[in-house]
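**Q** coordinates only, sequence not included:
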């Protein structure tokens with residue numbers, strides 16, 4: 001029988017080819033190519049002209065929209081989760097995905113890596129998983145002529161996109177193996193440091209409904225995730241579409257690569273250089289300050305239910321995600337609304353609640369809502 005043609009993506013509907021690397025005008029190839037040639041995130045120079053700024057912004061916006069459309073061809077619903085993961089991708093951060101089994105967390109990560117043409121590795125975390133199973137180990141090999149030498153065998157962490165599935169089932173010793181990789185983007189084995197490929201992104205999943213035999217992530221490791229994204233169950237219409245797609249003929253779909261690693265690094269460099277006005281930075285700082293129960297700005301709920309608030313990484317997450325969202329909205333500077341939009345995903349895993357909060361079933365999201373309501377966007381000193 002003839003192969004069924006996949007549903008057209010947004011790019012196709014607009015008359016654009018699926019592979020965004022073939023779309024010349026809107027993406028502004030000269031500007032993107034110049035930043036790519038500069039050597040990546042740290043070495044890329046400031047765009048010299050307003051035209052180049054507009055071209056880079058248009059390219060990031062087009063790639064974001066294309067990725068969103070392509071992922072939605074495979075994953076039904078979960079639009080908010082997908083948008084947050086894409087924001088973390090362009091911000092250069094890691095994501096913790098929390099949700100019940102079967103909601104498409106693994107499918108989301110695999111599809112994202114495939115759409116970008118990036119190397120993808122999946123690690124199924126279990127209590128017997130060892131650190132060497134993730135980062136690699138040194139083995140003794142025998143060469144021709146009988147000469148022996150030690151060779152480092154790289155683990156699955158040496159990939160662009162790493163999925164740590166059910167990370168809370170791994171022991172703390174194994175969880176800590178990801179700490180250096182996530183923060184330093186390198187691993188050290190036998191006194192030798194090995195850099196990880198760039199871009200490098202860890203997406204970890206955990207199941208919140210089955211806690212027996214699990215090891216909750218320590219606060220130090222939770223803080224290294226830029227965002228914590230909650231994956232909700234599908235609505236009735238979405239579930240019907242899932243059944244329609246998954247209980248019939250197996251889909252045959254190969255995603256075209258919409259970008260490469262070098263271009264993704266260049267766009268991430270551009271996103272970091274999006275201006276964030278001083279009042280907006282102060283707003284992010286005040287939000288994070290209000291998460292601490294000892295702060296005068298903390299609302300009553302925080303003072304009662306929170307043991308420790310967010311670290312400075314929380315404020316960094318707010319600003320980075322706000323910059324990416326501003327570009328996606330078509331703006332060239334971050335605004336107050338971008339900070340507020342990122343608050344839940346950036347702060348929910350950075351609030352350490354006390355026993356009273358757990359006993360009364362208080363969720364971090366409710367406290368963040370209280371903080372957003374209590375902290376003004378503009379203070380008297382702005």
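**A** Alright, I've got the coordinates. A quick note: this is a predicted structure, and the numbers were derived from the prediction, not measured.
**Q** Just want to check the distance between residue 148 and residue 138.
**A** According to C-beta to C-beta, to the nearest Å, residue 148 stands 12 Å off from residue 138. (C-beta placed from N, C-alpha, C; glycine too.)
**Q** Going along the chain, name the helices of the stretch 251-382 of the chain.
**A** 261-272, 278-289, 300-305, 312-329, 336-347, 355-360, 364-374 (DSSP state H, counting those that start in this stretch).
**Q** In TSV: those, plus mean neighbour count, mean pLDDT and distance to residue 244.
**A** Output for the helices of the stretch 251-382 of the chain, formatted as TSV (neighbours: other C-beta atoms under 10 Å; pLDDT from 0 to 100; distance: least, C-beta to C-beta, whole Å):
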stretch	mean neighbour count	mean pLDDT	distance to residue 244
helix 261-272	23	88	33
helix 278-289	20	95	42
helix 300-305	17	94	43
helix 312-329	23	95	30
helix 336-347	23	95	30
helix 355-360	12	91	40
helix 364-374	18	94	32
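**Q** To residue 110, which of these lies closest?
**A** For those, proximity to residue 110 was assessed by C-beta to C-beta; helix 261-272 is nearest, at 17.0 Å.
**Q** The protein - how does it break down into domains?
**A** For the chain, automatic domain parsing gives the domain ranges 10-77+235-273, 93-233, 274-382.
**Q** Next, format those domains as JSON lines and append distance to residue 84.
**A** Formatted as JSON lines, the domains of the chain follow (distance: least, C-beta to C-beta, whole Å):
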{"stretch": "domain 10-77+235-273", "distance to residue 84": "11"}
{"stretch": "domain 93-233", "distance to residue 84": "5"}
{"stretch": "domain 274-382", "distance to residue 84": "5"}
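**Q** mean pLDDT lowest for which of these?
**A** The minimum mean pLDDT among the domains of the chain belongs to domain 10-77+235-273 (a mean of 68).
**Q** Neighbours of the residue nearest to residue 214 when sequence neighbours are not counted, how many?
**A** Spatial nearest neighbour of residue 214, chain neighbours left out: residue 168 (4.4 Å); criterion: C-beta to C-beta, 6 or more residues apart in numbering. Here the number of neighbours of residue 168 (other C-beta atoms under 10 Å) works out to 21.
**Q** now residue 168: how far from residue 262?
**A** For residue 168, the distance to residue 262 - C-beta to C-beta - is 34 Å.
**Q** now the residue lying closest to residue 104 once chain neighbours are set aside: how far from residue 192?
**A** Nearest residue to residue 104, sequence neighbours excluded (C-beta to C-beta, 6+ apart): residue 75, at 5.0 Å. Residue 75 sits 39 Å away from residue 192, going by C-beta to C-beta.
**Q** swap in residue 62?
**A** Here residue 62 is placed at a distance of 41 Å from residue 192 (C-beta to C-beta).
**Q** for residue 215, same thing?
**A** Residue 215 is 29 Å from residue 192, by C-beta to C-beta.
**Q** Of the two, which one has the most company?
**A** Neighbours per residue, other C-beta under 10 Å: of residue 215 and residue 192, the larger number sits with residue 215, 17 against 9.
**Q** Help me confirm that that one comes into contact with residue 168.
**A** Yes: in this structure, residue 215 is within contact of residue 168 by C-beta atoms under 8 Å, at 5.9 Å.
**Q** what ranges do the strands span in the stretch 151-300 of the chain?
**A** 161-165, 186-189, 192-195, 201-206, 227-230 (DSSP state E, counting those that start in this stretch).
**Q** how about the ones you listed in JSON lines, adding distance to residue 153?
**A** Listed next are those as JSON lines, based on distance: least, C-beta to C-beta, whole Å:
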{"stretch": "strand 161-165", "distance to residue 153": "17"}
{"stretch": "strand 186-189", "distance to residue 153": "10"}
{"stretch": "strand 192-195", "distance to residue 153": "11"}
{"stretch": "strand 201-206", "distance to residue 153": "20"}
{"stretch": "strand 227-230", "distance to residue 153": "32"}
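**Q** do you know which of these lies nearest residue 238?
**A** Proximity to residue 238, assessed across the strands of the stretch 151-300 of the chain by C-beta to C-beta, is greatest for strand 227-230 (15.8 Å).
**Q** Let me know the helix or strand that the spatially most central residue of the chain is in.
**A** With distances taken as C-alpha atoms, centre = their mean, the residue of the chain nearest its centroid is residue 88 (3.5 Å). According to DSSP states H and E, residue 88 maps onto helix 79-91.
**Q** Check which residues of that helix are buried.
**A** For helix 79-91, a neighbour-count test (16 or more other C-beta atoms under 10 Å) marks 81-91 as buried.
**Q** Tell me the one of the residues you listed nearest residue 119?
**A** Proximity of the buried residues of helix 79-91 to residue 119 (C-beta to C-beta) peaks at residue 89, which lies at 14.6 Å.
**Q** returning to what we had before: could I get the buried residues of helix 79-91 as a markdown table with distance to residue 282?
**A** Output for the buried residues of helix 79-91, formatted as a markdown table (distance: C-beta to C-beta, whole Å):
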| residue | distance to residue 282 |
| --- | --- |
| 81 | 29 |
| 82 | 31 |
| 83 | 26 |
| 84 | 24 |
| 85 | 28 |
| 86 | 27 |
| 87 | 22 |
| 88 | 24 |
| 89 | 27 |
| 90 | 24 |
| 91 | 20 |
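**Q** what sits against the closest residue to residue 317 other than its chain neighbours?
**A** Closest residue to residue 317 apart from its sequence neighbours, by C-beta to C-beta, 6+ apart: residue 346 at 3.9 Å. With contact set as C-beta atoms under 8 Å, 6 or more residues apart in numbering, residue 346 has these partners: 226-227, 314, 317-318, 321.
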